[in-house]
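K.L.:
Give me the fold of what follows.
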Amino acid sequence: MLCVEISKERNTIPVAEIASFCRISWVYDDVVLCEGSAEVLRRLAYSKRVDELLFACRIDELFGSMPEMEYDDFSVRVFNAGADKGRMERSIGSMIRGSVRLEDPRNEFRVFIEGDAVLFCRSLFTIRERFDDRRATRRPFFSPTSLHPRLARAMINLSGAEREVFDPFCGTGGILIEGALMGLRVHGSDIQQRMIDGCRENMDFFGLEGYSLECSDVCDLDAEGLEAIVSDMPYGKSSYTGREPLKQLYSRSFTKLCDMLKPGGRAVVCTNNLRLLMQPDTELSLVGLHSLYVNKSMRRWIGVFTKT
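P.N.:
Just a heads-up that it's a prediction; the model follows:
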């Protein structure tokens, strides 16, 4: 069993990301218990660390439930214990045979107090991604409406993409950059040539290869059988729509996205208007919906669709 320490953002995305790759057993305030491959969880955007769950018990049974343990070079950290934190760390440490090392230990035991439950874990790895190094203002070509790289990566994870991702409104390439860094084949299109040129400049700036770009209206694309489509669609005042009403653009775009996906494929779409995600006349089923507060005048909605 794996124990994933999720970040403090109070939204539904951290758990949904994990559920795209693993079977979730239990969700606590700070951690999620799940079964699956630990390695695939290195790509998570809204989680901090992946641990191995060694055992779980009631808090009043902790010291009677601990198995015999012997580890050289270990430390113990207890979370959510309040004033008892230090005492518990020392007591648990005294029951483990071996040498204690507080700085950079080879084995770090992380003990989470969740209500009356105790989750006793051993750290496997920390998820370290320098998302801020890739934010829009640090790219040679950028738009103020670009998604933060963390959210772009999370949207790809929500799609469950394992091999490839297509962004038909790629803009400056934020989603494609994250996908390529995750080892996926990435393809993008945009109706504006200057965006395609700028996207290519950004991809090259980060040393990314093997991508494809196309200047095209979404309905003129001939792609089909796609595993995953992920896109931050036009919706802001500075977004280019060719003066086409957004409702009409979304309606025809969703029809095309459905045509491009393979059965069971997923489309993950971001917009600022929930009503624009409601597209009843396609074979796309809404299987996930997430809301993110941006500022007083804007909230992002992320819809996850599966082709039936």
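K.L.:
which non-adjacent residue is nearest Y46?
P.N.:
P14 (4.0 Å; C-beta to C-beta, 6 or more residues apart in numbering). (Each C-beta comes from the backbone N, C-alpha and C, glycine too.)
K.L.:
can I get the CA coordinates of the lowest-mean-pLDDT helix or strand in the chain in PDB?
P.N.:
When the helices and strands of the chain are scored by mean pLDDT, DSSP states H and E, helix 62-65 comes last with a mean of 89. Extracted as PDB, the C-alpha positions of helix 62-65 are listed here (Å, rounded to 0.1, in the frame of the first residue of the first chain):
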ATOM      1  CA  LEU A  62       0.500   2.200  18.400                       C
ATOM      2  CA  PHE A  63       3.200   1.000  20.700                       C
ATOM      3  CA  GLY A  64       1.700  -2.500  21.100                       C
ATOM      4  CA  SER A  65       1.300  -2.900  17.300                       C
END
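K.L.:
hmm, who's touching that helix?
P.N.:
Residues outside helix 62-65 that contact it (C-beta atoms under 8 Å, 6 or more residues apart in numbering): F55, C57, S91, I92, M95, V118, F120.
K.L.:
Which is the succeeding secondary structure element to it?
P.N.:
Sequence-wise, the next helix or strand downstream of helix 62-65 (DSSP states H and E) is strand 69-70.
K.L.:
Now do that next one: which elements does it pack against?
P.N.:
Counting contacts by 3 or more C-beta pairs under 8 Å, 6 or more residues apart in numbering; DSSP states H and E, strand 69-70 is packed against strand 96-97.
K.L.:
The residue nearest to the spatial centre of the chain and D217, how far apart?
P.N.:
Per C-alpha atoms, centre = their mean, the C-alpha nearest to the average position across the chain is that of A154, at 2.5 Å. In this structure, A154 and D217 are separated by 27 Å, where distance is defined by C-beta to C-beta, to the nearest Å.
K.L.:
Tell me where the stretch 151-300 of the chain has helices.
P.N.:
174-181, 193-205, 246-260, 274-277 (DSSP state H, counting those that start in this stretch).
K.L.:
residue ranges with poor pLDDT in the stretch 201-308 of the chain?
P.N.:
Regions of the stretch 201-308 of the chain meeting the criterion pLDDT under 70 cover residues 236-242.
K.L.:
Per-residue pLDDT of the residue nearest to the centre of the chain, please?
P.N.:
Looking at A154, its pLDDT is 97.
K.L.:
contacting residues for it?
P.N.:
Applying C-beta under 8 Å, 6+ apart, one finds that A154 lies in contact with I13, E17, A45, Y46.
K.L.:
Break down the stretch 101-250 of the chain into its strands, ranges please.
P.N.:
Across the stretch 101-250 of the chain, reading from the start of the chain, the strands by DSSP state E, counting those that start in this stretch fall at 107-114, 117-126, 164-167, 185-190, 212-215, 226-232.
K.L.:
pull the CA atoms of the first one into CSV?
P.N.:
Output of strand 107-114 as CSV, limited to C-alpha atoms (Å, rounded to 0.1, in the frame of the first residue of the first chain):
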residue,chain,number,x,y,z
ASN,A,107,15.4,5.5,6.1
GLU,A,108,12.9,8.1,7.1
PHE,A,109,9.8,6.9,9.0
ARG,A,110,6.8,9.3,8.7
VAL,A,111,4.0,8.7,11.1
PHE,A,112,0.7,10.5,10.5
ILE,A,113,-2.0,11.0,13.1
GLU,A,114,-5.3,11.2,11.4
